[in-house]
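Student: Give me the fold of what follows.
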Amino acid sequence: MNTFKKDNFKFEGGYLTYNKKFVARFKYTRLQKSYFVNVLIKYFEIDEYFKMLNSGITPSKILQSKGINF
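Tutor: Below you'll find the predicted structure:
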């Protein structure tokens, strides 16, 4: 299974990355970063998330696709 691993996330300057790939930006709500990371680990595979992100879907809409309100 191609799942996210917490150790591979990096948060710097409001930007969350995974193995140097952009994941999400937290402009106003940095406190939600931990929740966001935990949801990715629990509900998404790496390829699934990045495929949706690269198709132009916003990070919050990607979470909503699994019924998660963010």
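Student: Report all helices and strands that the top helix by length along the chain contacts.
Tutor: Longest helix of the chain, by residue count under DSSP state H: helix 33-43. If contacts are counted by 3 or more Cβ pairs under 8 Å, 6 or more residues apart in numbering; DSSP states H and E, helix 33-43 sits against strand 15-18, helix 59-64. Placement of C-beta: from N, CA and C, glycine included.
Student: in the protein, which residue is closest to the centre?
Tutor: Centroid-nearest residue in the chain: residue 23, 4.8 Å away (criterion: Cα atoms, centre = their mean).
Student: The helix or strand harbouring that residue: how far from the chain's middle?
Tutor: Using DSSP states H and E, residue 23 maps to strand 21-25. Chain-centre distance of strand 21-25: 7 Å, with Cα atoms, centre = their mean, to the nearest Å.
Student: Pull out the buried positions in that strand.
Tutor: 23, 24 (16 or more other Cβ atoms under 10 Å).
Student: Pull the residues that contact it.
Tutor: Contacts to strand 21-25, defined as Cβ atoms under 8 Å, 6 or more residues apart in numbering, come from residues 9, 14, 15, 16, 17, 36, 40, 49, 50, 53, 59.
Student: go on, stretch 37-44?
Tutor: 3-6, 9, 16, 23, 49, 62-63, 66, 68, 70.
Student: Going through those residues, which ones are buried?
Tutor: For these, buried by 16+ other Cβ under 10 Å: 4, 9, 16, 23, 49, 62, 63.
Student: Any figure for the gap between the third one and residue 60?
Tutor: Counting by Cβ to Cβ, to the nearest Å, the separation of residue 16 from residue 60 is 13 Å.
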